[in-house]
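Trainee: For reference, the sequence and a predicted model appear below.
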Amino acid sequence: MRLRYAVLGLSLSMAVTSASAANDAARRLAQDAIIVDTHIDAPGELLSHWDDLGVAAPKKEFDYPRAREGGLDVAFMSIYTSPEEDAAGTAWQTANTQLDAVEAMVARHPDKFAILRSPGDVEKLRKGGRVLLTPGMENGAPIGDDLSRLADFHARGVRYVTLAHSENNRIADSSYAMKKKWGGLSPFGEQVVAEMNRLGIMVDVSHISDDAIRDVLRVTDVPVIASHSGMRHFTPGFERNISDELALAVAKEGGVVQLVFGTGFVSAKAAADMQAYFAASAAFDEENEKLAAAGKPVKSKDAFEKQWKDEHPVPVVHIDAVLDQIDHAVKLLGADHVGIGSDFDGVSGNLPVELRSVADYPNLVEGLQKRGYSDADIRKILGGNLLRVWGEVEKAAKG
Ligand SMILES: [Zn+2]
């Protein structure tokens, strides 16, 4: 929980650690288990609002002290680039700069962080309390139309690529796009998936369209992951969250669905608001195009955005929303195909009250224990399943 105080025009923020609420058994298991979180947006945050994440950084949701407190072992660092950067031709530049920022964290604090390139190195590297960082690329835009860049990014430690983000790109259609471009994967996207298989980079189906997920499962030779998705069961019609049918298809091929914590994905109201926003925003743009074509002044998009936000406050949600997602996924897929990908530092703080930062995994553990999960199943969900899939992808690599 984060409280803000305005004192004499200065804004001081104080981190109040809600993890302290978790009981000792949950805290012990969180410390002992290997926790793998497949989606933390720290690198993008470092580029826009730099902090030293090796010491307390209370404005962020990921820093070393809280990662240790929460028992986090492997943090996938999201190397995120936007469709706008893709269009401007700057995605490759941004991705490499974010990778530099991750490497700088390790160079600054080699006793606290290490880059994890292989699941087989977890035990060795986490000794002494290191938190392990693995880059995961969110949006394949930095690849451009050059397949050889995948090998370059693999060499820099990237171990998954989310094929597209919020718009269709060269590789795949986006779940958010109102109009799809390819009807799934593009022909280039099929080559990208095959090359990722060859190199040992996990294919991430979060963010892409349903047809693109089907195409990925047709093309890939190895299990895939959804790095940070909710279950669509709770947010009907919201394509960004994975359907039961496709989650089953991912699990059937040995893959894992990493459940996201962000309010926008676990709250039916927030997800419905987001879908309504896409439609309203598209209608607004169309209206402005008509005005421009008629030589009339266009309306302010900023004012539209502000009004929309004012009229659609993000609802308050609790940890039960995430536990319900896990319950549904485990009943549907079995405990071997479910994991976690929080989206910390990527959702503007719109998170369940009890899951505010990397200090809070013990709250999740306690919730699962209270719902009757065995410690063995909790360990699988916290990280065992993801490490299994990563190991299979690595083993099948021919690069
Ligand atoms: Zn995302």
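Mentor: Received the coordinates, thanks.

Trainee: domain parsing for this protein?
Mentor: The chain breaks down by automatic domain parsing into domains covering 2-263+318-396, 268-314.

Trainee: Now tabulate the ones you listed in a markdown table and tack on mean pLDDT and mean neighbour count.
Mentor: Where C-beta positions appear, they are placed from N, C-alpha and C, glycine not excepted. Converted to a markdown table, the domains of the chain look like this (pLDDT from 0 to 100; neighbours: other C-beta atoms under 10 Å):
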| stretch | mean pLDDT | mean neighbour count |
| --- | --- | --- |
| domain 2-263+318-396 | 94 | 20 |
| domain 268-314 | 93 | 13 |
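
Trainee: Show the contacting residues for Ala107.
Mentor: Residues counted as contacts of Ala107 (C-beta atoms under 8 Å, 6 or more residues apart in numbering): none.

Trainee: quick check, it in a helix?
Mentor: Yes: the assignment for Ala107 is a helix, going by DSSP: H, G, I helix; E, B strand; the rest coil.

Trainee: Would you mind measuring from it to Ala56?
Mentor: In this view, Ala107 and Ala56 are 20 Å apart by C-beta to C-beta, to the nearest Å.

Trainee: Where do the strands of the stretch 1-150 of the chain begin and end?
Mentor: 2-7, 10-15, 35-40, 72-80, 113-115, 131-138 (DSSP state E, counting those that start in this stretch).

Trainee: Not counting the fifth one itself, show me its contacts.
Mentor: Contact with strand 113-115 is made by 54, 64, 102-103, 105-106, 125, 130-135, 157, as judged by C-beta under 8 Å, 6+ apart.

Trainee: run the last query once more with 7 Å
Mentor: Strand 113-115 has contacts (C-beta atoms under 7 Å, 6 or more residues apart in numbering) with Gly54, Met105, Val106, Leu125, Arg130, Val131, Leu132, Leu133, Gly157.

Trainee: mind checking the end-to-end distance for stretch 38-51?
Mentor: Terminal residues of stretch 38-51 are spaced 21 Å apart (C-alpha to C-alpha, to the nearest Å).

Trainee: Show the contacting residues for Leu47.
Mentor: When contacts are counted by C-beta under 7 Å, 6+ apart, Leu47 touches Thr97, Gln98, Ala101.

Trainee: With Ser243 as the reference, measure out to the spatially closest residue to the second one that is not a sequence neighbour.
Mentor: Distances taken as C-beta to C-beta, 6 or more residues apart in numbering put Pro43 closest to Gln98, at 3.8 Å, once the chain neighbours are dropped. Distance of Pro43 to Ser243, computed by C-beta to C-beta: 30 Å.

Trainee: export the contacts of strand 113-115 to a markdown table and tack on distance to Gln191?
Mentor: Listed next are these as a markdown table, based on distance: C-beta to C-beta, whole Å:
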| residue | distance to Gln191 |
| --- | --- |
| Gly54 | 39 |
| Met105 | 33 |
| Val106 | 32 |
| Leu125 | 33 |
| Arg130 | 36 |
| Val131 | 35 |
| Leu132 | 31 |
| Leu133 | 29 |
| Gly157 | 22 |
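
Trainee: residue boundaries of the strands in the stretch 201-350 of the chain?
Mentor: For the stretch 201-350 of the chain, the strands defined by DSSP E, counting those that start in this stretch cover 202-204, 225-229, 256-259, 338-340.

Trainee: Distance to Gly384 added to those, as CSV?
Mentor: Formatted as CSV, the strands of the stretch 201-350 of the chain follow (distance: least, C-beta to C-beta, whole Å):
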stretch, distance to Gly384
strand 202-204, 16
strand 225-229, 14
strand 256-259, 10
strand 338-340, 8
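
Trainee: for the ones you listed, which one sits closest to Glu305?
Mentor: Glu305 sits nearest to strand 225-229 of all the strands of the stretch 201-350 of the chain, at 24.0 Å, using C-beta to C-beta.

Trainee: Between strand 72-80 and the closest one, find me the angle.
Mentor: Taking axes from the mean of the first three to the mean of the last three C-alpha atoms, to 10 degrees, one finds that strand 225-229 is oriented at 80 degrees with respect to strand 72-80.

Trainee: And for strand 225-229, what's in contact with it?
Mentor: Identification of contacts with strand 225-229 by C-beta under 7 Å, 6+ apart yields 38-39, 76, 136, 160, 162, 202, 204-206, 241-242, 250, 255-258, 260, 341, 343, 386, 389.

Trainee: ditto for stretch 270-289
Mentor: Against stretch 270-289 from outside (C-beta under 7 Å, 6+ apart): 176, 178, 235, 237-238, 263-265, 298-299, 304, 308, 312, 314-315.

Trainee: Kindly recompute the last result at 6 Å.
Mentor: Here stretch 270-289 makes contact (C-beta atoms under 6 Å, 6 or more residues apart in numbering) with Met178, Thr235, Phe238, Thr263, Gly264, Val298, Phe304, His312, Val314, Pro315.
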